[in-house]
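A.B. asks: how does the following fold in three dimensions:
(one chain, ligands or ions: 1)
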Amino acid sequence: MAFDKLIELVQAGDGELVAAEVQKQLDAGSPAPAILNDGLIAAMDIVGEKMESEEMFIPEVLRSAKAMERGLAVMKDELALDDVQASGKVVIGTVKGDLHDIGKNLVSMLLSSAGFEVIDAGINVAPDAFVAKVEETGANFLAMSALLTTTMPMMKQTIAELEKRGLRDRVKVIIGGAPVNQGYADELGADGYASDAGAAIKLAKSLRA
Ligand code: B1M
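C.D. replies: Sure, this is the predicted structure:
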């Protein structure tokens with residue numbers, strides 16, 4: 001497989017070699033989305049399995065995560081979707097109790113490159129902190145990421161907080177993250193769900209139109 005070496009290097013957590021291998025793949029003509037999905041994300045899926053079976057532990061998983069981010073940084077321009085003008089302001093963050101940020105950072109990067117103004121609220125963002133950011137910035141989108149089944153309910157609490165502060169009508173709420181799905185978005189009354197970063201950009205554009 002074309003990305004076997006890249007997958008090995010991400011697992012080994014060597015950021016410098018990951019960045020070099022991504023560059024090598026780009027130079028050889030591999031498309032950036034394939035490098036992302038079949039290389040970097042495929043590697044993190046294996047890391048996740050090894051984490052679950054206790055073949056890898058948190059410090060090693062973190063090294064892999066950092067190595068993946070080095071690889072992503074090399075492809076930033078190639079992953080840019082188009083050059084539309086900014087016409088949406090998005091507050092994005094990972095929900096309270098959740099420290100996973102690679103997917104959120106990827107969505108954030110692609111939203112920026114698609115012309116959205118992005119305000120990154122970071123990780124472990126409490127419902128009132130999300131809402132304060134929306135209020136303070138006048139954002140018209142709120143994008144939430146959750147990677148843990150235990151933190152998904154924070155999305156519901158954040159929407160409730162938006163309602164309480166009278167802001168729900170002027171903000172489109174979009175959600176994503178591995179354990180989340182369309183059914184959950186419907187249950188929460190979110191405006192949309194996206195399974196990956198590319199879908200998140202399409203969704204935001206369709207809601208903005
Ligand atoms: Co964590 N972790 N982790 N972890 N970790 C998972 C999520 C897990 C599935 C691993 C496993 O057991 N197989 C599991 C969750 C099980 C569950 O709840 N169902 C898990 C666990 C259990 C934990 C801890 C509890 C482990 C422990 O301490 N015992 C702990 C919790 C810490 C906390 O958050 N409170 C923990 C810690 C960590 C690290 C800190 C070590 C590290 C995070 C580092 C970081 O993010 N800076 C980490 C990692 C790296 C993972 C895995 C291996 C990889 C996640 C990742 O970055 N994937 C993960 C296993 C896996 O996902 N295969 C796992 C790549 C990334 C690009 O994909 O984030 O899914 P993803 O984003 C996608 C889509 O989901 C979507 O777009 C992206 C792709 O295009 N998307 C959105 C994401 N957010 C979106 C928002 C949107 C739209 C789309 O808005 C509109």
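
A.B. asks: check which residues of the host helix or strand of Leu110 are buried.
C.D. replies: Per DSSP states H and E: Leu110 is located in helix 102-113. Neighbour-count burial for helix 102-113 flags 102-113 (criterion: 16 or more other C-beta atoms under 10 Å). Quick note: C-beta positions are derived from backbone N, CA and C, even for glycine.

A.B. asks: C-alpha coordinates for that helix, CSV please?
C.D. replies: Output of helix 102-113 as CSV, limited to C-alpha atoms (Å, rounded to 0.1, in the frame of the first residue of the first chain):
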residue,chain,number,x,y,z
ILE,A,102,-7.1,16.9,16.0
GLY,A,103,-10.5,16.5,14.2
LYS,A,104,-11.6,19.9,15.5
ASN,A,105,-8.4,21.5,14.3
LEU,A,106,-8.8,20.0,10.9
VAL,A,107,-12.4,21.2,10.5
SER,A,108,-11.2,24.6,11.7
MET,A,109,-8.4,24.7,9.2
LEU,A,110,-10.6,23.8,6.3
LEU,A,111,-13.3,26.2,7.3
SER,A,112,-10.8,29.0,7.3
SER,A,113,-9.5,28.0,3.9
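
A.B. asks: what is it packed up against?
C.D. replies: Where contact means 3 or more C-beta pairs under 8 Å, 6 or more residues apart in numbering; DSSP states H and E, helix 102-113 is packed against helix 58-74, helix 76-79, strand 89-95, strand 117-125, strand 141-145, helix 197-208.

A.B. asks: turn those into JSON lines, columns for mean pLDDT.
C.D. replies: As requested, these are exported to JSON lines (pLDDT from 0 to 100):
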{"stretch": "helix 58-74", "mean pLDDT": "92"}
{"stretch": "helix 76-79", "mean pLDDT": "84"}
{"stretch": "strand 89-95", "mean pLDDT": "97"}
{"stretch": "strand 117-125", "mean pLDDT": "97"}
{"stretch": "strand 141-145", "mean pLDDT": "98"}
{"stretch": "helix 197-208", "mean pLDDT": "89"}
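
A.B. asks: and those: which comes nearest Met152?
C.D. replies: Closest approach to Met152 among these (C-beta to C-beta): strand 89-95, 7.7 Å.

A.B. asks: parallel or antiparallel, list what pairs with the closest one.
C.D. replies: Strand 89-95 pairs in its sheet with strand 117-125 (parallel), strand 141-145 (parallel), by DSSP bridges.

A.B. asks: now these as JSON lines including distance to the ligand?
C.D. replies: Shown next, in JSON lines, are the strands paired with strand 89-95 (distance: least, C-beta to the nearest ligand atom, whole Å):
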{"stretch": "strand 117-125", "distance to the ligand": "8"}
{"stretch": "strand 141-145", "distance to the ligand": "3"}
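
A.B. asks: buried residues, stretch 29-38. List them.
C.D. replies: Neighbour-count burial for stretch 29-38 [16+ other C-beta under 10 Å]: 30, 32, 35-36, 38.

A.B. asks: restricted to strands, list the residues you listed.
C.D. replies: The members of those all map outside strands under DSSP state E.
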